[in-house]
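Q: Kindly generate the corresponding structure for this input.
(one chain, ligands or ions: 3)
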Amino acid sequence: MNDLKFGRQAISLEEAQRRVLGHVRLQETEKVPLFEAYGRRLAENICAGSPLPHFRRSGVDGYAVRASDTTGASLAEAVCLEVVETVPCGLVPAKTIGPGQAARIMTGAAVPEGADAVVMLEMTNAVHQETGLGGMVAVHKAMNPGDNVTPVGEEAAAGEQLLRKGCIIGPGEAAVLAAFGHSLVKVYKRPRVAIFSTGSELLPVDAALAPGKIRGSNGYMLACQVQQAGGVPLLMPFLPDDAGRVERELLAAAEQADLWMTTGGVSVGDKDVLAELFGRWDGELLFNKIAMRPGSPTSVGLWRGKPLFALSGNPGACYVGFELLVRPYLRASQGASDPLLSGAIAVLDTDYGKGSAYPRYIRGASRVEQGTVFVRPAGRDKSSIMVSIKETDCFICLPAGGRGARRGELVRVLTIGD
Ligand SMILES: Nc1nc2c(c(=O)[nH]1)N[C@H]1C(S)=C(S)[C@@H](COP(=O)(O)OP(=O)(O)OC[C@H]3O[C@@H](n4cnc5c(N)ncnc54)[C@H](O)[C@@H]3O)O[C@H]1N2
Ligand code: MOO
Ligand SMILES: [Mg+2]
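A: Ligands and ions are numbered 1, 2, ... in the order given. Here you go, the predicted structure:
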């Protein structure tokens, strides 16, 4: 009844995500030094500028030989070859290996022309002679062509695409970028997110508790979530339950932020100021109710070309609202091709007795035992409960209706974090 009175039409989470992702504004790009690129999202595809490796490389310390010269060699029987030079790493071999010849070579050095295998040092004996240039080596192993030689392009052919636009730069990506000479990396600018906590009951962290008041915790929680998602949190001063003031402060922050996020004031209370603002603003409301628990009053709109995510004040609902809607938006705005949380199947580790008219996203804690993922609620699952968020690493998704789920049932889970 209330929902009709307040003009609220619940849509599915999938539809809400589709609407949010349909309005993503891709971030501008910037170039950053490779050393500072960790955790950023790449803004261009990276292809191999040359084959990797770009020269035939020895995989061991030993002797570069012609495999055909070593036929019949064994621990008991040696083949003696003339050593014509030594090839350390970083230098180019000067000689071509002819029949009956070998070159001393180090791991990672360029294999000389003519040689097609490298014998490990342990399978040889250097024979020092009074005469001759490099002496002789006794080889105790019969080699096949290609043994211990890394061919040109074994890891990557020239032109091969190695990194995709939108990927997160981690250790492996940084190594690829370094190997192909990208000292400056083109990445998406971090989205700046203005975080407003609304509620006249909110006290700053350093204030003493007072009757009816609480210390605002959502802003700090959201600031961490924004950073995890690659964004820059702008923690704005708390706002009182005054819709006019909220409107003014949001607009005043528009210049410095790529999107707004608010917490609190989205339900149907007398002082639910975001709901009031949506009733009289000049923005476009994408939705103001989602068929999900918690976070059903989560609302999203577009205002002056920017999205405004109005999350619930209840900490559990606020957390879920960020993960299911804001994180995908932030990922997509930094070029992610697959921005939604990834799903998996897990075994429920305990009975969960609460059915719901809406699909439920329960804060879950998972563990792996003998290759199977088990999951259980991270704590009591009330949207007002905050202390269980710290144990949460996934959401347990239960469909609408029914009586919850039983221990041992397979359930769908969504993994949190990038
Ligand atoms: N008559 C109805 N009442 C409620 C409904 C409804 O449909 N009809 N929905 C309930 C649901 S579901 C939720 S969720 C909450 C949503 O509330 P709001 O988003 O309007 O949030 P507030 O009313 O401002 O606060 C709720 C709760 O959270 C605390 N809070 C707020 N901000 C913070 C903060 N920054 N840090 C920590 N805690 C915060 C606040 O003190 C309240 O206790 O509405 C239900 N009611
Ligand atoms: O939907 Mo509210 O977020 O359940 O408590
Ligand atoms: Mg409220």
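
Q: Show the model's pLDDT score for the closest residue to ligand 1 within the stretch 301-418 of the chain.
A: Nearest to ligand 1 in the stretch 301-418 of the chain, going by CB to the nearest ligand atom, is Gly313, at a distance of 2.6 Å. The way it works is simple: take the backbone N, C-alpha and C, and place the C-beta from them, glycine included. pLDDT for Gly313: 97.

Q: dump the residue contacts of it.
A: Counting by CB atoms under 8 Å, 6 or more residues apart in numbering, Gly313 makes contact with Thr198, Gly199, Asn218, Thr263, Gly264, Gly265, Val266.

Q: What segments of the stretch 151-300 of the chain are helices?
A: All helices of the stretch 151-300 of the chain, identified by DSSP state H, counting those that start in this stretch, fall at 171-179, 218-228, 243-253, 273-280.

Q: tell me which parts of the stretch 51-200 of the chain are close to ligand 3?
A: Within the stretch 51-200 of the chain, no position lies close to ligand 3 (CB under 5 Å from the ion).

Q: residue boundaries of the strands in the stretch 51-200 of the chain?
A: Shown for the stretch 51-200 of the chain, the strands assigned by DSSP state E, counting those that start in this stretch span residues 57-58, 62-65, 79-87, 101-105, 117-120, 124-127, 136-139, 149-150, 161-163, 184-188, 192-197.

Q: Redo these as a markdown table? Include mean neighbour count and distance to Leu259.
A: Output for the strands of the stretch 51-200 of the chain, formatted as a markdown table (neighbours: other CB atoms under 10 Å; distance: least, CB to CB, whole Å):
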| stretch | mean neighbour count | distance to Leu259 |
| --- | --- | --- |
| strand 57-58 | 23 | 48 |
| strand 62-65 | 28 | 59 |
| strand 79-87 | 20 | 57 |
| strand 101-105 | 26 | 57 |
| strand 117-120 | 24 | 57 |
| strand 124-127 | 16 | 66 |
| strand 136-139 | 20 | 68 |
| strand 149-150 | 20 | 48 |
| strand 161-163 | 16 | 27 |
| strand 184-188 | 20 | 14 |
| strand 192-197 | 23 | 6 |
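
Q: Can you tell me which residues in the stretch 251-400 of the chain are near ligand 1?
A: With CB under 6 Å from any ligand atom as the criterion, the stretch 251-400 of the chain meets ligand 1 at residues 263-269, 272, 294, 296-297, 312-315, 317, 383-384.

Q: out of the residues you listed, which are buried?
A: 263-267, 272, 294, 296-297, 312-315, 317, 383 (16 or more other CB atoms under 10 Å).

Q: Tell me the one among the residues you listed nearest to His140.
A: Pro315 (70.6 Å; CB to CB).

Q: which residues sit in contact with that closest one?
A: Counting by CB under 8 Å, 6+ apart, Pro315 touches Ser217, Asn218, Met221, Ser383, Ser384, Ile385, Met386, Ile389.

Q: Which of those sits closest to Ala175?
A: Met221 (33.7 Å).

Q: thinking again about what came up before, which among the strands of the stretch 51-200 of the chain is found nearest to ligand 1?
A: Closest among the strands of the stretch 51-200 of the chain, using CB to the nearest ligand atom: strand 192-197, at 3.8 Å.

Q: now that closest one, how far from the chain's geometric center?
A: How far strand 192-197 lies from its chain's middle: 22 Å, per CA atoms, centre = their mean, to the nearest Å.

Q: and what of stretch 35-49?
A: So, by CA atoms, centre = their mean, the centroid of stretch 35-49 is 13 Å from its chain's centroid.

Q: got it, and stretch 237-255?
A: The answer for stretch 237-255 is 33 Å, by CA atoms, centre = their mean.

Q: Now tabulate the helices of the stretch 151-300 of the chain in CSV and tack on mean neighbour count.
A: Shown next, in CSV, are the helices of the stretch 151-300 of the chain (neighbours: other CB atoms under 10 Å):
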stretch, mean neighbour count
helix 171-179, 15
helix 218-228, 20
helix 243-253, 16
helix 273-280, 20
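
Q: quick one on the thing from earlier: over to the residue of the stretch 301-418 of the chain closest to ligand 1. Which of the three states is it?
A: Under DSSP: H, G, I helix; E, B strand; the rest coil, Gly313 falls in the coil class.

Q: The one 5 residues further on too?
A: In the three-state summary, Cys318 is assigned as helix, counting by three-state DSSP.

Q: looking at it, it is touching Met221, isn't it?
A: Yes - if you go by CB atoms under 8 Å, Cys318 and Met221 touch, sitting 7.1 Å apart.

Q: For ligand 3, see how far away Gly402 is.
A: According to CB to the ion, to the nearest Å, Gly402 and ligand 3 sit 28 Å apart.

Q: Equivalent analysis for Arg248, please.
A: 21 Å.

Q: what's the answer for Arg164, then?
A: 42 Å.

Q: Spit out the contact partners of the nearest residue to that residue once chain neighbours are set aside.
A: Among residues not flanking Arg164 along the chain, Asn45 sits closest, at 6.0 Å (CB to CB, 6 or more residues apart in numbering). Asn45 is in contact with Gln161, Leu163, Arg164, Lys165, counting by CB under 8 Å, 6+ apart.

Q: Let me see the contact set for Ala336.
A: Arg41, Gly166.

Q: Give the helix, strand or coil label for it.
A: coil.

Q: For the remainder of this discussion, apply numbering that starts at 53.
A: Sure thing, new numbering starts at 53, so read that last one as Ala388.

Q: Pick out the residue of the stretch 203-352 of the chain closest to ligand 2.
A: Pro346 (3.2 Å).

Q: who's in contact with the residue lying closest to that residue once chain neighbours are set aside?
A: Distance criterion CB to CB, 6+ apart; nearest residue to Pro346, sequence neighbours excluded, is Ser435 at 3.3 Å. By CB under 8 Å, 6+ apart, the residues touching Ser435 are Arg345, Pro346, Gly347, Ser364, Asn366, Pro367, Gly368, Ala369, Val372.
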